[in-house]
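> Here is my input, please return the structure:
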Amino acid sequence: MLSMLPHAIEQMSLRGENREFICVQSMDGYMEFFEQETPGVKRCLPNVLIPSPAIYLTSIDSFICPSSTRYIYSYKYEILASASDSRTVKPSWSFNCGENIIDIKGTVCGQYVLALGERYVHCLNSNGSLKFSRKLTYAATCIFPISVSNSDDVTFMIGTNTKYLIIYKNNVVWTCQLSCQPMTILVSKFKECNGYVVIQGMDGELSVNYLGTNPELLTFAVRLETREINYEKSIAELKELNNSIKSHGGDVTVQQTMNKSEPLAIKVIVPQELACSVNDVVVTFAVKQPLGCNQSIHKLPLAGGSEPTTLTVSFFMQSDFIPHNLEVQIAATYKSTTGNLQVANSSFMLPLALCCTRCLPVKVQEHKITIEYLHPMQNLSEIFHDFGDIISSGGEDNNSNSSSAIAFQFLCGGPIVTILMAAKSNRYRFQSDVFEAMWPCLNAFVDRLAKKLNLPVEKVFSYQGQLPVDEFVSVVALHYEYRLKFSLIHEALEQRATQLRIVQKRLLTKYAEKNPSTLNNLDLILEGTYRQIVALANAAEENENDLVRLGCALSGAVNVLILLGHLLNKFSNEELALVKQIISPVVLNKEGHQGWQERTEVAVVYYLKSSLSKGGKEDSMISSNINAPCDVKKLGRHIKIFFDRLAKGGTLIPGHTRKGVLNKASSKLKKPKVADPILDAVNELAEEEEEKSIGINEEDELSTSKFLKSSKETAYLMPHNFEYYLMVNELN
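Numbers count the residues shown, from 1 in each chain. Have a look, this model is predicted:
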């Protein structure tokens, strides 16, 4: 029985002796020799932290051993056998390979040594000098020398992690694909047949292969036809193809089937009235978090023919937070008859029932939004007919099934959103304890009624109240708080990782000393630093999940604000698209220093200085720094001023005129305009003070001290128990 954990075994025959020796290499760097069945010498090799492959060359009676210092050493067996300890073991020669050695083998004649590194193959002479070195462009796993010619050309084979076997003789002479990823290769003889390649795979598979036929190494050049392009013919062909596509139709029919006891299933049917069939069609489904689908990519070998192709995809909720977008985007890629890659896109909305269920209405809730319906009132139960009625515990319908109130609760005990219908006016009220939770229900409600009347949203609803900027700013502040926490955690994690590497180096230096000294509690510091790294890593993972959840919440809050601003100011399509670019509902999970708050601040201030300014300038230089710490309160004030100026008739597009809401209200009074110099002076002073608050005047530019002040104001957002992660262990 072995007294140590073995790593490798090597068979050796000493020169001039007929006895067989066995060398066993252990995991801790020891080499133990056995003379047949009798244990012999046991020596520890220097500069060995982790075991590496080693070979025995009979021609020079030496062991060739790579070390952890990225050197290759040659040790005589006589020196290993006669040495008293590892300090007296001296190598006969060494070679600096500059990389870790994966595998090492010697030729049959013992004249050369092949060392396979991470990026190079080194061929060494038996005296340690370099014969040649070849750079690899792939990741290799093993090597084996085949033969040496009379002209000293070494033939060897290399196995790769991509399941290939490559044979070299000066250059590549053979390449073939294997059935497994090779771990060890060997050329052996079975009976009277030479040249069998024995391969052991990473999964334990053992195979015996024979190369056999000659490989085809020639590459054929592609004949290029040079001809002039007929532009008229190409344009006519393009028009013909466009007309063919329009005549056959390219719409995607989406059928939704849902059962209460089964997950939502979507059947996508692509009509096949095509002039010809297409091959290798790849259909991709993309959804936003927290939604997910069971299979996002579908590959169709052939599409076309008499029967349509149907794909069934199931969608579900991956997490328990509130979704901000129920849209599913579909992209189908295929190759045309000319070989060009074509893409067909489509999209559809998932039902609201995927993320929430009907529940009992709640009378008193914190956040409220009231919108006015410009047409005869609709029954709420008819609008949300797919949710059915609520059955009480006794089996009877309760009073919550009335047409004047309906409520929805998000899955996993989420927030409740209540919709109330006014009795004497054409108004609907949305209320919830969570502001961003109103967006999915509000969007579904507005979209269903607009599609029912086949009218734009601004001609179906209107909004007359104040925009909920304060509620919006609270969501922005919470998201910004976790962004700051994310950066602090990663900064502390980098410090702890640096400290861990320093402590490890000092411990290795202590262990390598000839005269051991005290560790000075370095082992305790190493253990404490490791625990801090684990705690910080767990905190970083938890913070990333919170950022994803708060990013969805911020997107929902932005969508609510933009929709209410659209109903209030009646934006055109161009203005609405521009507002969504300025205050974007797209929030990335990992944004770095230039996050959503900084980009929105710069965009809003830019338009307040240019298109929405008093003079209506078309362009203006931005004086604020996009990398500066963001003041969330100032961002809220700027967004409020942004929508107020749009309500007064301001426009984002130069040369585009639009009447504001306040101008429409004042025009109904039909009062004659009287010149009042005192009132005009007061209005001018008010506008100047408003412009100074956003930094328009050159005398009131943002300074570094203000940025430092804003960063101090946001310091209270950090939790007090986070100080544990910021402890620094200084090393003496």
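> secondary structure class for residue 653?
Judged by DSSP: H, G, I helix; E, B strand; the rest coil, the three-state class of residue 653 is coil.
> residues touching it, list them.
For residue 653, the contact set (Cβ atoms under 8 Å, 6 or more residues apart in numbering) comprises 574, 575, 578, 611. Using the backbone N, CA and C atoms, a C-beta is placed for each residue, glycine as well.
> cool, residue 118 as well?
Shown in contact with residue 118 (Cβ under 8 Å, 6+ apart): 99, 100, 102, 139.
> Would you format these as a markdown table with secondary structure and pLDDT included?
Putting these into a markdown table (DSSP: H, G, I helix; E, B strand; the rest coil; pLDDT from 0 to 100) gives the following:
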| residue | secondary structure | pLDDT |
| --- | --- | --- |
| 99 | coil | 90 |
| 100 | coil | 89 |
| 102 | strand | 90 |
| 139 | coil | 90 |
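> roughly how far is stretch 58-73 from the heart of the chain?
Distance of stretch 58-73 from its chain centroid, counting by Cα atoms, centre = their mean, to the nearest Å, is 44 Å.
> ok, now stretch 137-152?
Taking Cα atoms, centre = their mean, the mean C-alpha location of stretch 137-152 is offset from the chain mean by 40 Å.
> Can I get that stretch as CSV, trimmed to CA atoms?
Extracted in CSV, the C-alpha atoms of stretch 137-152 (Å, rounded to 0.1, in the frame of the first residue of the first chain):
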residue,chain,number,x,y,z
THR,A,137,-3.2,28.6,-32.5
TYR,A,138,-5.5,26.2,-30.5
ALA,A,139,-5.8,24.7,-27.1
ALA,A,140,-3.9,21.3,-26.9
THR,A,141,-4.4,18.5,-24.4
CYS,A,142,-1.7,15.9,-25.1
ILE,A,143,1.3,15.1,-27.3
PHE,A,144,3.1,12.0,-28.5
PRO,A,145,6.3,11.6,-30.6
ILE,A,146,6.0,9.1,-33.5
SER,A,147,9.5,8.9,-35.1
VAL,A,148,12.7,10.6,-35.9
SER,A,149,13.9,10.6,-39.5
ASN,A,150,17.5,10.3,-40.7
SER,A,151,17.5,14.1,-41.2
ASP,A,152,16.6,14.6,-37.6
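> got the contact list for it?
In contact with stretch 137-152 (Cβ under 8 Å, 6+ apart) are residues 102-109, 111-112, 114, 116, 118, 121, 154-162, 164, 167, 169, 181-187, 202.
> Flag every buried residue along that stretch.
Buried residues in stretch 137-152, counting neighbours by 16 or more other Cβ atoms under 10 Å, are found at 140, 141, 142, 143, 144, 145, 146, 148.
> do the same with stretch 523-537
So, applying 16+ other Cβ under 10 Å, buried residues of stretch 523-537: 525, 526, 528, 529, 532, 533, 536.
> Which single one of these is nearest to residue 441?
The closest of those to residue 441 turns out to be residue 536 (Cβ to Cβ; 38.9 Å).
> quick one: low-confidence ranges for the stretch 501-650 of the chain?
590-593, 615-629 (pLDDT under 70).
> hmm, 50 instead?
620 (pLDDT under 50).
> all helices of it, in order?
Along the stretch 501-650 of the chain, counting by DSSP state H, counting those that start in this stretch, helices occupy 522-569, 573-582, 596-609, 632-647.
> out of the buried residues of stretch 137-152, who's nearest residue 431?
Lowest distance from residue 431 to these (Cβ to Cβ) belongs to residue 141, with 63.8 Å.
> for the closest one, phi and psi?
When read as degrees, to the nearest 10, the backbone of residue 141 gives phi -120, psi -30.
> Any of the contacts of stretch 137-152 buried? List them.
The neighbour-count criterion (16+ other Cβ under 10 Å) marks 102-107, 111-112, 114, 116, 121, 154-160, 164, 167, 181-185, 187 among the contacts of stretch 137-152 as buried.
> so of those, which ones are in strands?
In strands, judged by DSSP state E, the following of the buried ones among the contacts of stretch 137-152 are found: 102-106, 112, 114, 116, 121, 154-160, 164, 167, 182-185, 187.
> How far does stretch 68-80 stretch from one end to the other?
Using Cα to Cα, to the nearest Å, one end of stretch 68-80 lies 19 Å from the other.
> which parts of it are buried?
Residues 71, 72, 73, 74, 75, 76, 77, 79, 80 are the ones in stretch 68-80 that count as buried (16+ other Cβ under 10 Å).
> Name the SS class of the third one, please.
Right, the one you point to is residue 73. Secondary structure for residue 73, judged by three-state DSSP, is strand.
> coming back round to it: please identify which of the helices of the stretch 501-650 of the chain is closest to residue 514.
Nearest to residue 514 among the helices of the stretch 501-650 of the chain is helix 522-569 (18.3 Å), distances taken as Cβ to Cβ.
> who does the closest one touch, helix- and strand-wise?
Helix 522-569 sits against strand 367-373, helix 438-453, strand 461-462, helix 469-512, helix 573-582, helix 632-647, with contacts defined as 3 or more Cβ pairs under 8 Å, 6 or more residues apart in numbering; DSSP states H and E.
> want to try TSV for those, with mean neighbour count and distance to residue 411 as columns?
Shown next, in TSV, are these (neighbours: other Cβ atoms under 10 Å; distance: least, Cβ to Cβ, whole Å):
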stretch	mean neighbour count	distance to residue 411
strand 367-373	18	20
helix 438-453	19	12
strand 461-462	20	28
helix 469-512	17	21
helix 573-582	15	28
helix 632-647	19	30
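> And those: which comes nearest residue 176?
helix 469-512 (43.2 Å).
> quick one: the closest one to helix 522-569, angle?
160 degrees (axes from the mean of the first three to the mean of the last three Cα atoms, to 10 degrees).
> Run through the neighbouring helices and strands of helix 469-512.
helix 522-569, helix 596-609, helix 632-647.
> and the angle from the first one to helix 596-609?
Put simply, helix 522-569 runs at 40 degrees to helix 596-609, going by the same axes, to 10 degrees.
> just how off-centre is helix 522-569 within its chain?
Worked out by Cα atoms, centre = their mean, helix 522-569 lies 15 Å from the chain centre.
> swap in stretch 71-85?
51 Å.
> Could you do stretch 297-317 as well?
Stretch 297-317 has its C-alpha centroid displaced from the chain centroid by 27 Å (Cα atoms, centre = their mean).
> Determine how far the last residue of it lies from the first.
Length of stretch 297-317, first residue to last, Cα to Cα: 18 Å.
> Also stretch 34-41?
For stretch 34-41, by Cα to Cα, the gap between its terminal residues amounts to 8 Å.
> now swap in stretch 347-367 and tell me
End-to-end distance of stretch 347-367 (Cα to Cα): 32 Å.
> same thing with stretch 365-384?
Terminal residues of stretch 365-384 are spaced 21 Å apart (Cα to Cα).
> What about the closest residue to residue 510 other than its chain neighbours, how many residues nearby?
Once flanking residues are discounted, residue 510 sits nearest to residue 519: 5.9 Å by Cβ to Cβ, 6 or more residues apart in numbering. If you count neighbours by other Cβ atoms under 10 Å, residue 519 ends up with 14.
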